[in-house]
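A.B. asks: fold the following for me, if possible:
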Amino acid sequence: RSNDKITIEYGPEFVYMLRGQAEVGVGGQTVRLEQGKALAFPAGIRRTYRGDGRILSFILGTRAAVWGNAESLKAGCSERLTGFRDGRQLARLVRVAFSPGAQTPVHTHPGPEVVYAPETPIILQTEGRLRWVMGGDLATVHGDNALQARNIGAGEAWFLALFVVPEGAAF
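C.D. replies: As a prediction, this is how the structure comes out:
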């Protein structure tokens, strides 16, 4: 259903093009998104979608209605994020890819992180436990918690990581 319009009440919202391409209308402007590209916009913006690409929509702060083309789109809302600091915050959306058996070093981030694994499973070790993040799952890692991500599969694995960090913080 092209041209479906929904107003989100809270945000911000981050849109990532998983496959294909589409035109996304936000606040009266149209942006052409291609695979691997992302877009962010504030709460209350009217949005439209035209195309057959598959996108992922992260909405921070609350649950909101899924875009009209539900078969092509997937939306998720994390658990409540903690670890925010005073002052301005910046959001960063990163695609992380692992070869078979690869893992990150144990590390921390200066703010909370939302992890989404759209297809292949990964394991996150954080807060003293192992957490499976499988096709379509969201996981939240609170700021300053040590974590490690691993690809336990036989093929390449990848995930999207959405970070909220204080402006000027080392990343």
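A.B. asks: give me the below-cutoff pLDDT ranges for the chain.
C.D. replies: 1-12, 42-44, 59-87, 171 (pLDDT under 70).
A.B. asks: if we go to 90?
C.D. replies: The chain contains residues with pLDDT under 90 at 1-29, 31, 33-98, 109-121, 126-129, 131-145, 152-154, 157-171.
A.B. asks: you'd agree Trp132 is up against Gln125?
C.D. replies: No: if you go by CB atoms under 8 Å, Trp132 and Gln125 don't touch, sitting 10.8 Å apart. Where C-beta positions appear, they are placed from N, C-alpha and C, glycine not excepted.
A.B. asks: who's more crowded, the two?
C.D. replies: Using other CB atoms under 10 Å as the criterion, Trp132 and Gln125 rank with Gln125 on top: 16 against 12.
A.B. asks: the more buried one: helix or strand, and which one exactly?
C.D. replies: Using DSSP states H and E, Gln125 sits within strand 122-126.
A.B. asks: quick check: next helix or strand after that strand?
C.D. replies: Immediately after strand 122-126, counting by DSSP H and E, sits strand 129-133.
A.B. asks: in the helix or strand following that following strand, what counts as buried?
C.D. replies: Taking DSSP H and E as the definition, the helix or strand that follows strand 129-133 towards the C-terminus is strand 137-141. For strand 137-141, a neighbour-count test (16 or more other CB atoms under 10 Å) marks Asp137, Leu138, Ala139, Thr140, Val141 as buried.
A.B. asks: neighbouring contacts of stretch 121-137?
C.D. replies: Residues from elsewhere that reach stretch 121-137, judged by CB atoms under 8 Å, 6 or more residues apart in numbering: 74, 98, 106, 115-120, 139, 141-142, 145-153, 157, 159.
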